[in-house]
Structure formats: C-alpha cells, structure tokens
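# sharing a sequence plus its predicted fold:
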Amino acid sequence: MGVIVYMADIFGSALLDFQSGNYSEDIKTYSSLDEEDHIPVPYLFRNFDEMPTLEQHALELAHGRVLDVGCGAGSHALYLQNKGIQTVALDVSKGAIEVCRSRGVETTVNADIIEFSDGTFDTILLLMNGIGLAGTLVNLDMFLSHLKSLLSPEGQILLDSSDIIYMFDQDEDGGYWIPDNGRYYGEVTFTLEYKGEKGTPFPWLYLDFGTLQNACSANNLDCSLVSEGNHYDYLAKLTLQK
C-alpha cells in the first residue's frame, strides 16, 4: 500500500530523541485540509491516566493475544503487558520499535501490517485512528480483509476514528460544503517534519461510522459502536460474522 514509509524517518527520529533525553521540539504536520499543526512528542509516551477515554476503554476491553498495530512508543503495549496480557507491538518504524524495546516491551515486530502474517490474535488494536493506515477508501476492503486473516474466530478488532465532516463549512440548512473532487471527504494527505527534515507525503483515512459499517458489512464483519468521544470521534468493535 505504501502509506507509512515516512514513519521510520520522522516518528522514529523524534521518539528516539525523546527516549534518549534529546527532546527539543515536536513533530510538525501539514495536511491537505488545514494549516500547519504539530504532534507533541511527550504525548506519545503517555501513561494510562493521560490517555483519552476512548483509548482507555479499548485497553480495558483488550483480552487474549493482542496485536497493537502502529504501536509507536509502546504506551498501549506496556499497559497491557503490565496487566499480564500477551501483546505484540508492531510498527513499520525501526526507531519506534527500538524505543519500545528500550522501554521494556517484550514482543515487537518491525513490519508493515499488510506484510505481517504471524498467527492469529484475540484482539487487534488500531488506536490513534489506526484505521487511517488503510490510506484511502478504495484500499479499505483490502485492509479489512487482511485484518480478518489475523483474527481468531472469536476475536475482536478495536479501533477509534473521527468523522472530520466538522472541518468543512456548513450552510444555513445544516448541509456541508464538501469539494466535488470524486474523493471521500475523509481522505487526507499528510506531510510530517522534524528538525527541518520533511517526510514523503502520505494518504491517511478518517472514517465516519456509517462508512465503516458499510465497509465491514461488505467484508462479512459485524461492526458495533462501543462509545463516542467529545468531538466527532468514536470507538468501534469489529468481529467476524457468524
């Protein structure tokens, strides 16, 4: 899919700097929807009490053998591991995996999720909008199909995402002005920058819950709404249809 090559350069460098005590700036983000923003690097090292409610809820629901996709600095994996839950932390970024290991994560995999096929899992976590790794709506079927191949018969996929419709202008009748460019409005292109180095632009996908439900139905997955956040975000649970 080629959507997450950037992480080894940008996220990995930033995480390694923070872990080694060389934190001096955050990751800058540029997107096709808004102006420059940033990702606070210390936030990627947060503990359970500092996590958003949706993340906390997902971690409380995790059980069995867990795959933490896009694990970053390993904060979710460490929490589960400390609870005695067998967790595999996976990230395409070599730097992220190095940080996970130095923080004490016992089982790590440096790979693209699409190329990973090591057994099945009772819980697959896609937190911090991990479904965005699909990149585009057209890739979503392939992405979900691959996740299904990693799921045990009674397993669950827990993911959070956001409906970014709020980022578009609204008219007096309540409708939204969405560009008629033939693309789903939740498809965003990002570029990251850290210490003057910019990564390659990459696609990222934000999904409204209805679109996620339709995609799951087309892939023989049940999709249920677990909880909603304060700002168009939600936690969903995906399971195999019986």
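Done, it's in.
# using the three-state scheme, assign the closest residue to S32 other than its chain neighbours.
Residue nearest to S32 in three dimensions, not counting chain neighbours: T189, with 4.3 Å by C-beta to C-beta, 6 or more residues apart in numbering. For glycine as for every other residue, the C-beta is placed from the backbone atoms N, C-alpha and C. Counting by DSSP: H, G, I helix; E, B strand; the rest coil, the backbone at T189 sits in strand.
# hang on, T189 packs against W204?
Yes - using C-beta atoms under 8 Å, T189 is in contact with W204, at 7.4 Å.
# who's more crowded, these two?
Neighbour totals were compared for T189 and W204, and W204 leads with 20 against 14 (other C-beta atoms under 10 Å).
# ok, that one to S162 distance?
Shown here: W204 relative to S162, a distance of 11 Å by C-beta to C-beta, to the nearest Å.
# ok, now S217?
To S162, S217 is 21 Å away according to C-beta to C-beta.
# tell me the neighbouring strands of the worst-scoring helix or strand of the chain on mean pLDDT, and mark each as parallel or antiparallel.
When the helices and strands of the chain are scored by mean pLDDT, DSSP states H and E, strand 197-198 comes last with a mean of 91. Strands that pair with strand 197-198, judged by DSSP bridges, come out as strand 187-194 (antiparallel).
# what comes up buried for stretch 111-128?
Neighbour-count burial for stretch 111-128 flags 112-114, 116, 120-128 (criterion: 16 or more other C-beta atoms under 10 Å).
# does anything pack onto the longest strand along the chain? Which helices or strands?
In the chain, with assignment by DSSP state E, the single longest strand is strand 151-162. Under the contact definition 3 or more C-beta pairs under 8 Å, 6 or more residues apart in numbering; DSSP states H and E, strand 151-162 sits against helix 53-61, strand 121-126, strand 233-240.
# from T189, how far off is the closest residue to L44 other than its chain neighbours?
Excluding its sequence neighbours, the residue lying closest to L44 (C-beta to C-beta, 6+ apart) is A73, at 4.7 Å. A73 sits 25 Å away from T189, going by C-beta to C-beta.
# likewise S149?
28 Å.
# if we can go back for a sec, can you name the two of the buried residues of stretch 111-128 that are farthest apart?
For the buried residues of stretch 111-128, the farthest-apart pair by C-beta to C-beta is T120 and M128; their separation is 23.2 Å.
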